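*Asks:* Pasting a predicted model and its sequence here:
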Amino acid sequence: MIHASPQDEEIRRLHWQCRRGMLELDVALQRFLDEDYPRLDAAARATFARMLAAEDQTLHAWLMGRAVPEEADIRSVVALIRAFGRGPG
């Protein structure tokens, strides 16, 4: 029997948490998790996981730039996701 690594389990859990009630959030969060999350340090990874506890409307407002998170570490992760979503250039 093959056992998944703790990192694999974490990614599976986060993928499930990235599935939201809004397509825009699903796409932005899943793409970030798949493509940029692996480059984050442990603190930013923990912040991303904590950020996912926010309600859909709150996350949407943050990612669309209509609101700013109070916590500096969450602001940093939101900024990474927003920059990632814009792509290069």
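*Replies:* Right, received. Where do you want to start?

*Asks:* Just the element for the spatially closest residue to residue 18 that is not a sequence neighbour, please.
*Replies:* Nearest non-adjacent residue to residue 18, counting by CB to CB, 6 or more residues apart in numbering: residue 29, 3.9 Å away. Where C-beta positions appear, they are placed from N, C-alpha and C, glycine not excepted. When elements are defined using DSSP states H and E, residue 29 is found to belong to helix 23-35.

*Asks:* Buried residues, the longest helix along the chain. List them.
*Replies:* The longest helix of the chain (DSSP state H) is helix 72-86. By neighbour count on 16 or more other CB atoms under 10 Å, the buried set for helix 72-86 is 74, 77, 78, 80, 81, 85.

*Asks:* so it versus helix 23-35, what angle?
*Replies:* Counting by axes from the mean of the first three to the mean of the last three CA atoms, to 10 degrees, helix 72-86 lies at 90 degrees to helix 23-35.

*Asks:* Just the CA trace of helix 72-86, in CSV.
*Replies:* Extracted in CSV, the C-alpha atoms of helix 72-86 (Å, rounded to 0.1, in the frame of the first residue of the first chain):
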residue,chain,number,x,y,z
ALA,A,72,-0.5,42.1,7.4
ASP,A,73,0.4,38.5,6.6
ILE,A,74,-3.0,37.9,4.9
ARG,A,75,-2.5,41.2,3.0
SER,A,76,0.8,39.9,1.7
VAL,A,77,-0.7,36.6,0.5
VAL,A,78,-3.6,38.4,-1.1
ALA,A,79,-1.1,40.6,-2.9
LEU,A,80,0.7,37.5,-4.2
ILE,A,81,-2.5,36.0,-5.5
ARG,A,82,-3.6,39.2,-7.1
ALA,A,83,-0.1,39.6,-8.8
PHE,A,84,-0.2,36.0,-9.8
GLY,A,85,-3.6,36.4,-11.4
ARG,A,86,-2.4,39.3,-13.5
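
*Asks:* quick one: average pLDDT of it?
*Replies:* In this model, helix 72-86 has a mean pLDDT of 91.

*Asks:* That's all I had, so thanks and see you.
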